[in-house]
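Colleague: sequence first, predicted coordinates after that:
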Amino acid sequence: MSHPGKALLSAQKVSKSFGAQQILDNVSLTIHEEDRIGLIGRNGSGKSTLLRILAGTVMPESGFTTRAQGIHVSFLEQQQHFESEETVQDALNRAVAKWRSLLQRWHQLNEQMASAEKGSREYLLWEAECQEIHHRLDVAGRWDPVVEIKLMAEQLHLPDLKRTLGSLSGGELRRVDLARTLLEQPDVLLLDEPTNHIDADSVSWIEGYLEKYSGACVLVTHDRYFLDRVSNRIVELSHGSVMSFPGNYAHFLEYKAAVDEVQQRTEANRQALIRRELAWYKRMPQARGTKQKARIGRLFDAAAQGPPPADKRFAFAIPEPERLGKDILEARLITHAYGERLLFERFSLFMQKGMRVGIVGPNGCGKSTLLRVLMGQEEPLSGELLKGAATQFLYVDQTLADMDPELTVLQFISDGQRHVDVGRQRIHIPSYLESFLFDKSCADMPVGRLSGGEKRRIDLAKKLLKGGNFLILDEPTNDLDLYTLRVLEETIEAFDGCALIVSHDRYLLNRLCTHMLVFEEKGQIVQIAGNYDDYLLYRDRQETSVREERRNARKEESSEKSAPISRKKGLSYQEKKRLDMMESLIAEAEGALERLQKEVNAPGFFERPFTETQSTLTLLSNAEQQVSDLFDEWMLLEAKKEEKDS
């Protein structure tokens, strides 16, 4: 293992509690040069609190923080703090103000040196300062802040730079704050959920940016691919203390499994020791010698030691009031727009049982609007929607419901009722809360005392309690911890109905989705059979195809210029034979395509094993391509025949 670089920022034996709840207990963490630390832990474990202590915005109850002299720390919080009248441009200008000031000073010094006597005392002082500023700007690469702001705005799809921050949505504010944090280029970046409200392409760009970043970084994120690519160290917060693991998230899972195995073995040995010593103690109650007293002490020590703290299991089932019928949901050539802004055009979708459809695209392209249109909450401009009689939508949107901090958890979830009827099921709310990792005692806790992640979890619990057989999830992963995410994914996998899932979480899309809807330019939505990785393969093939077409077009243009003027017209002997066979070849290919289409459209197709459905869908795609190729060939041969006849 390489030796860590210089220590930049550290927290030493810090503790913090909120009311009677101990969040951090004697926690220490040191950030070194080139550290890329992924900070993970359950919601409410203290991740955001530790970041705030490191940033200096929250003071610990005990312990202290230290910083290397002269270092700059930037902190991206989950909640944004801006002046509402400030513009986006103003916020970004503040982020580069220090470098702009240095650049202006450098220009000023050059002007002063030009008018001063070379070699004079003033000239030499100005020259030394000028060289020092030049070196700083050169190392940081900060010679053109205007271009930096423009590039950052493009990569993160920021709103118009002239807009005021008070007019922006929560997601737009989040992206502006992220841009502001990255533009500061500090020595230490503290990022709390940097991928929230960011589309997949922008997340990929941020990954590349942080990989090349010269400073240190501590980040809290639920994006497992992001953790894998960016982090070189994982720090887990659990039960108020920290454990540090070298490597990325995949290596952490391996280390964690080994640590858990050792803990289980140690606990088994402790229990065996207690049983042995207890059996001896019961047989020899009269023993009073030194050795006997030592054995009795060992027994009491082992019993007092206690087992390692157990992590609670998060498991729940979504109430399904009624099973889906044969007809579920169909959209026929729907078009929708806001004014002159076209969102989607002539879009069709046929949902079958077992289908889980991921929806991706740039921010603001219309993903959430599509969900509302499909649920019937908005009327499309044209087209038709058919909803099955048994279809009941369960909508979980990305907005956090308004929470009165004075309400108890039970009042927020069920208006204070301890039992709720969902369809034919009667649900005991305190037990339901336990499945979401809330103790029964939390039912009477004010929601104002919950952490941001716990509020998201309680909001999810309230929305899922409504029940349904068709899940509609709009960015369900925001602010959830990795542990909750894994079980949410397992729950969706076990769900018996259908699902539409808007998300930028590539891991979740790959694990859950049987199909993808991808928003592209000019209101077009591409439909892909498969998951997000299958979409990336499709996109790569499309880009390769476009490059190949352009290359062939250039070749044809070149060959046409050099080709002889006269050429033989009509069909060759082999082409005539091929044309005679085309009708039967096309009929045979169409028959094979029709058989595959019937198999895919049959009820229960998507309930089969994933590998089996993927194999059939690949055959279907190949069959569609074969029919298309045969028609193209037939049209070409007919054109050549007609050319000769004319």
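Modeller: Thanks, I have it. Numbering: from 1, shown residues only.
Colleague: lowest-pLDDT helix or strand in this protein?
Modeller: helix 290-305 (a mean of 61; mean pLDDT, DSSP states H and E).
Colleague: run through the stretch 401-550 of the chain and note the low-pLDDT ranges.
Modeller: 401, 423-424 (pLDDT under 70).
Colleague: can you report how many residues neighbour the residue lying closest to Lys162 once chain neighbours are set aside?
Modeller: Of all residues not flanking Lys162 in the chain, Thr87 sits nearest, at 5.9 Å (C-beta to C-beta, 6 or more residues apart in numbering). The way it works is simple: take the backbone N, C-alpha and C, and place the C-beta from them, glycine included. When neighbours are counted by other C-beta atoms under 10 Å, Thr87 registers 18.
Colleague: phi and psi next, for Thr87.
Modeller: phi -90, psi 170 (degrees, to the nearest 10).
Colleague: residues in contact with it?
Modeller: By C-beta atoms under 8 Å, 6 or more residues apart in numbering, the contact set of Thr87 is Leu161, Lys162, Arg163, Thr164, Leu165.
Colleague: let me know the pLDDT of it.
Modeller: With respect to pLDDT, Thr87 has a value of 91.
Colleague: one more: Pro603?
Modeller: pLDDT at Pro603 comes out at 65.
Colleague: same question, Leu386
Modeller: Confidence at Leu386, expressed as pLDDT, is 94.
Colleague: if we can go back for a sec, highest neighbour count among the contacts of Thr87?
Modeller: Among the contacts of Thr87, the one with the most neighbours (other C-beta under 10 Å) is Leu165, at 20 neighbours.
Colleague: ok, that one touching Phe82?
Modeller: Yes - using C-beta atoms under 8 Å, Leu165 is in contact with Phe82, at 4.4 Å.
Colleague: what touches both of those two?
Modeller: Contact criterion C-beta under 8 Å, 6+ apart; residues shared by Leu165 and Phe82: Ala91, Leu173, Val176.
Colleague: which residues touch Cys130?
Modeller: Trp106, Leu109, Asn110, Met113.
Colleague: show me where the stretch 51-200 of the chain has its helices.
Modeller: 88-95, 97-115, 121-140, 145-155, 170-184, 200-212 (DSSP state H, counting those that start in this stretch).
Colleague: which of those helices sits most buried?
Modeller: helix 170-184 (a mean of 21; mean count of other C-beta atoms under 10 Å).
Colleague: what helices or strands is that one leaning on?
Modeller: Taking 3 or more C-beta pairs under 8 Å, 6 or more residues apart in numbering; DSSP states H and E as contact, the helices and strands that helix 170-184 lies on are strand 73-76, helix 88-95, helix 145-155, strand 188-192, helix 200-212.
Colleague: and the shortest one, which strands flank it?
Modeller: This points to strand 73-76. Sheet neighbours of strand 73-76, with direction, are listed as strand 188-192 (parallel) (DSSP bridges).
Colleague: need the shared contacts of Leu165 and Phe82 in TSV (columns: distance to Asp404).
Modeller: What follows is the shared contacts of Leu165 and Phe82, written out as TSV (distance: C-beta to C-beta, whole Å):
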residue	distance to Asp404
Ala91	31
Leu173	23
Val176	29
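Colleague: neighbours of Thr544, how many?
Modeller: So Thr544, with other C-beta under 10 Å, has 10 neighbours.
Colleague: give the other helices and strands that the helix or strand it falls within contacts.
Modeller: Element membership for Thr544, per DSSP states H and E: helix 532-562. Applying 3+ C-beta pairs under 8 Å, 6+ apart, one finds that helix 532-562 contacts strand 356-360, helix 506-512, strand 515-519, strand 525-529.
Colleague: residue ranges of the strands in the stretch 401-550 of the chain, please?
Modeller: 419-422, 425-428, 470-474, 498-502, 515-519, 525-529 (DSSP state E, counting those that start in this stretch).
Colleague: what angle separates the last one from strand 515-519?
Modeller: Counting by axes from the mean of the first three to the mean of the last three C-alpha atoms, to 10 degrees, strand 525-529 lies at 160 degrees to strand 515-519.
Colleague: just give me how far strand 525-529 sits from the chain centre.
Modeller: Distance of strand 525-529 from the chain centroid (C-alpha atoms, centre = their mean, to the nearest Å) equals 20 Å.
Colleague: residues in contact with it?
Modeller: For strand 525-529, using C-beta under 8 Å, 6+ apart, the contacting residues are 344, 347, 349, 370, 514-520, 534-535, 538, 614, 617, 620-621.
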